[in-house]
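1. A predicted structure for the sequence below; I have some questions about it.
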Amino acid sequence: MLPSSDESDVQFQLYFLDCDSDSIIRLSNDKSIMNHLFRSATNKVHKFEKIYQRKESNRVTDIDQLSLSYNPTSFSSKTTTRHPSIEITKNENSKISIPIIKSESSTQSPSLIEVKTDTKVLIPKAPPLPNSFDLAIKSQSKSLKTALISPNQETLWSKSTSFLPVGRSMESTKFDPAKDDGYAITMLDCDQNSDKEIFYDPINSDSIFNFGSVEIADFMTNIQEQPTFDFDLSPASPPMKKPRKKKQNRILSNLPHIDVREWFVTDETSGRSRRPLLHEFLRQLLNNKNYSHIATYIDRSKGIFRFYQKNTAAELWQRVKGRNSDSVMTYEKLARAIRYYYSSGIIHPTPGRFTFQFGIILAFNKRSPIEIAEAIKTFNLELISVELIQHLIQYIPNDTEIDAFRHLSIDKEQLSPADRLMYEIIQIPLYMERLNTIKFKLIFADNYHLLNDQMHVINEACSFLYQSNHIKKLLEIILSIVNHLNPTIIHQVLTLDDLSKIYDLKTSKTHIPIMNIVSEICNDRHSEIFDIKENYKSILSASKIDLTLIKSEIEQMKQEFEQIELWINKFEGNIQIQKFLHDCQHKLHEIIQYYEITNDQFHKTVSYFTKEITTSTRFFSIFANLIHSLKIKHPTL
DNA sequence: TACCCGGAAGCTCG
DNA sequence: ACGAGCTTCCGGGT
């Protein structure tokens, strides 16, 4: 039976799942503390479900199923932890569970119960709980501490290393419920994105070539090397007792360690590196896929963005800004700072909650509207960024607005910078054509290199597959095994479909995966086959590149080019632009030729292996998967 | 209730 | 030491 709550000396704190942790529930009839925890957790989870079910259905934070499992072990033995009390499941198998852990070290509360998130199920023994409990479950935002426990098994979660504050010390993994950005969610995000993040994504990738993290071998190593959580976070460990300087006294929570310098920007005037202004910070945040769980564009072309983990965003901003302050940055304060941008037009208000919209770039370009307009007229591209041009094209006034400008009753000097720029632009003859020409020029080089590089990858992968004796040997082995296992139908050659099925195919009698047999044969007799590590990268990358997409992009470029050629005569003679177009024509010709070569090469390679017509992504991913499954059997590969 | 808005004043840092 | 760019606080609105 529970003791009277007056005598309480222990508090339970539950904080997870992005729920507020303010509920204080006292139930004198409770049979056990676990009962109470269970009930409370149920409440929290229900709240959580409510919150997220009404949001957009495709949010990254969406969770398939939330469930609670209650392990009714009592707290009689000397254990610090319980078996998991809460489980969140997603996509059937990923799971996070939250065991309950006891800790005695706290500055504010003499004996505080910690609730830790963990993906492990088996939890070692721990000391007994005190005799009396205050069953209040309440928030104490300044004194909470929780470590996130890194999984030591290969789960989906474990892929999301970059987001996990590696739980070496309590110090670095403070968790603050008041900041309400649930860890669970963060990890779910990571989980969902992890596949994309380890592969080269030709469309969304910021840098053109980023093969650094493509290698599966490295990826596997990372998993193994993940620090397993030290469960002996003994209650005696004193992280909260340690006196700290005022400045460090902030509870920084669920953000991983970040290198603040990565956020620095180079000052345009002084050329020096400095901390970003808020709007610069926001641009970086929104452009970084790794932070898309915190904030992301809803409509990128219009610059509308939304915060998803508002307080994480605030915390990140505080760290990046690095101001000497004792208090915590909150979304409220961050939002106030953003609202200050309304008057300058850097950011506009939107009707939605947590959403804002970037204004046109010139507002923080520190250029006058007249200068920008002049630059557009004369094709002076130094003052014009791609973003600005895209924005201008997006927001160029429509007929009624232009009409309003014509009958402007107020002085044009009194217009806001954005309106003034629009006013100036529509005075320029053929302004739309100029804007499109400038846009084309600004992105041409990047497009050209991107397409070239992508085609280069395809060519490389083709020539490897075409020439590689190792691949041929591998296919021979597979073919002979398949023939051996199905003696009734003798295959002369493997089709792509056969190959795509091979990785999870098992023998009918022994249920040994065929890849195991392949790998054994390779190991025993043809170890040279494992020597395809380098080339694997290019195949994997090639599997992400769609040749037909490249073709359509090239065609689009060509069309735009031809359109601009028609316009160019109407613009006043501009040597720079004419030179560019000349150059452009040459490069277009080049890239079209290169496409034809690549396409030929690809078809030659495909027909070498099969008669099937297939897409580049499918074709290469079949080989990539084949090598990948072999790699799994042979991590040394 | 939780968020949005913008005034007022204070603070930090280059 | 000055001022841009926030930060902190807050009363009022939806």
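-> Sure thing, it's come through.

2. buried residues of stretch A:526-544, list them for me.
-> Within stretch A:526-544, the residues that count as buried by 16 or more other C-beta atoms under 10 Å are A:529-530, A:532, A:535-544. (Glycine included, C-beta is placed from N, CA and C.)

3. possible to save those residues as CSV with secondary structure?
-> Formatted as CSV, these follow (DSSP: H, G, I helix; E, B strand; the rest coil):
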residue, secondary structure
A:529, helix
A:530, helix
A:532, coil
A:535, helix
A:536, helix
A:537, helix
A:538, helix
A:539, helix
A:540, helix
A:541, helix
A:542, helix
A:543, coil
A:544, coil
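
4. for whichever strand or helix holds residue A:520, list the C-alpha coordinates in PDB.
-> Using DSSP states H and E, residue A:520 sits in helix A:514-525. C-alpha atoms of helix A:514-525 as PDB (Å, rounded to 0.1, in the frame of the first residue of the first chain):
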ATOM      1  CA  ILE A 514      21.400 -18.600 -51.600                       C
ATOM      2  CA  MET A 515      23.600 -15.700 -50.900                       C
ATOM      3  CA  ASN A 516      25.200 -17.700 -48.100                       C
ATOM      4  CA  ILE A 517      26.100 -20.400 -50.500                       C
ATOM      5  CA  VAL A 518      27.400 -17.900 -53.000                       C
ATOM      6  CA  SER A 519      29.400 -16.200 -50.400                       C
ATOM      7  CA  GLU A 520      30.900 -19.500 -49.200                       C
ATOM      8  CA  ILE A 521      31.900 -20.500 -52.700                       C
ATOM      9  CA  CYS A 522      33.400 -17.100 -53.300                       C
ATOM     10  CA  ASN A 523      35.200 -17.300 -50.000                       C
ATOM     11  CA  ASP A 524      36.600 -20.800 -50.700                       C
ATOM     12  CA  ARG A 525      37.400 -20.700 -54.300                       C
END
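
5. name the helices or strands packed onto it?
-> Judged by 3 or more C-beta pairs under 8 Å, 6 or more residues apart in numbering; DSSP states H and E, the packing partners of helix A:514-525 are helix A:469-485, helix A:616-633.

6. can you list contacts of stretch A:334-351?
-> Stretch A:334-351 has contacts (C-beta atoms under 8 Å, 6 or more residues apart in numbering) with A:278-279, A:282, A:304, A:310, A:313-314, A:317, A:356-360, A:363-364, A:416-418.

7. so does that stretch get close to DNA strand B?
-> Yes: contact of stretch A:334-351 with DNA strand B (C-beta under 7 Å from any atom of the strand) involves A:335, A:336, A:339, A:342, A:349.

8. so that stretch, near DNA strand C or not?
-> Yes: for stretch A:334-351 and DNA strand C, the contact criterion (C-beta under 7 Å from any atom of the strand) is met by A:334, A:336, A:337, A:340.

9. of these, buried ones?
-> The neighbour-count test (16+ other C-beta under 10 Å) marks A:334, A:337 as buried among the residues of stretch A:334-351 next to DNA strand C.

10. the residue nearest to residue A:281 when sequence neighbours are not counted and DNA strand C, how far apart?
-> Among residues not flanking residue A:281 along the chain, residue A:320 sits closest, at 5.6 Å (C-beta to C-beta, 6 or more residues apart in numbering). For residue A:320, the distance to DNA strand C equals 9 Å [C-beta to the nearest atom of the strand, to the nearest Å].
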